[in-house]
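Enquirer: sequence and predicted model, in that order:
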Amino acid sequence: MTDPRSNAPGTVEIQRPEVDPDAEAQGIRERDYVVIAWDDPVNLMPYVTHVFQQVFGWTHEKAQRHMLEVHEQGRSALVRESFEMAEHHVHALQKYSINATIEPGNP
């Protein structure tokens, strides 16, 4: 016996959309954001190294490597995170007077 509600007037049958796993993975990659630290004439190099250690929990060597990249190249890509985490890191760096921004990551 058929369900009498299936032929009721006003009933709309909704088809479930097909999900492309590659497109879904692409969407996740597009949501990645990179935290960039920029060089400035104010902060001393040991201070920047210390801040990177405090904000990211990095070793002295890793923090110093990124500090030198900022100093020599004018910028360093510090971490790739979700927008919320990237925003959190930028605010934390800015509290220490480190010039930092967020950029969309490459897909």
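Expert: Structure's in. What do you need?
Enquirer: low-confidence ranges in the chain?
Expert: By pLDDT under 70, the low-scoring segments of the chain are 1-31, 107.
Enquirer: give me that answer again for 90
Expert: 1-31, 105-107 (pLDDT under 90).
Enquirer: just the helices in it please.
Expert: Using DSSP state H, the helices assigned to the chain run over residues 21-30, 45-56, 60-73, 83-95.
Enquirer: of the ones you listed, which stretch is the most buried?
Expert: helix 45-56 (a mean of 18; mean count of other CB atoms under 10 Å). The way it works is simple: take the backbone N, C-alpha and C, and place the C-beta from them, glycine included.
Enquirer: roughly how far is that one from the heart of the chain?
Expert: 19 Å (CA atoms, centre = their mean, to the nearest Å).
Enquirer: touching it from outside, list them.
Expert: Contacts with helix 45-56, where a contact means CB atoms under 8 Å, 6 or more residues apart in numbering, come from 37, 43, 58-60, 62-64, 66-68, 70-71, 78-79, 89, 92-93, 96, 98.
Enquirer: do the same with stretch 80-90
Expert: Contacts for stretch 80-90 (CB under 8 Å, 6+ apart): 31-35, 55-56, 78-79, 100-102, 105.
Enquirer: which PyMOL command selects the buried ones in these?
Expert: The buried residues among those can be selected in PyMOL (16 or more other CB atoms under 10 Å) with this line:
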select buried, resi 33+34+35+55+56+78+100
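Enquirer: which ones among the contacts of stretch 80-90 lie within strands?
Expert: Residues of these located in strands (DSSP state E): 33-35, 78-79, 100-102.
Enquirer: using CSV, lay out these together with distance to T49.
Expert: Formatted as CSV, those follow (distance: CB to CB, whole Å):
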residue, distance to T49
Y33, 23
V34, 20
V35, 16
L78, 12
V79, 16
A100, 15
T101, 20
I102, 22
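Enquirer: the residues you listed: which two are farthest apart?
Expert: For those, the farthest-apart pair by CB to CB is V79 and T101; their separation is 12.7 Å.
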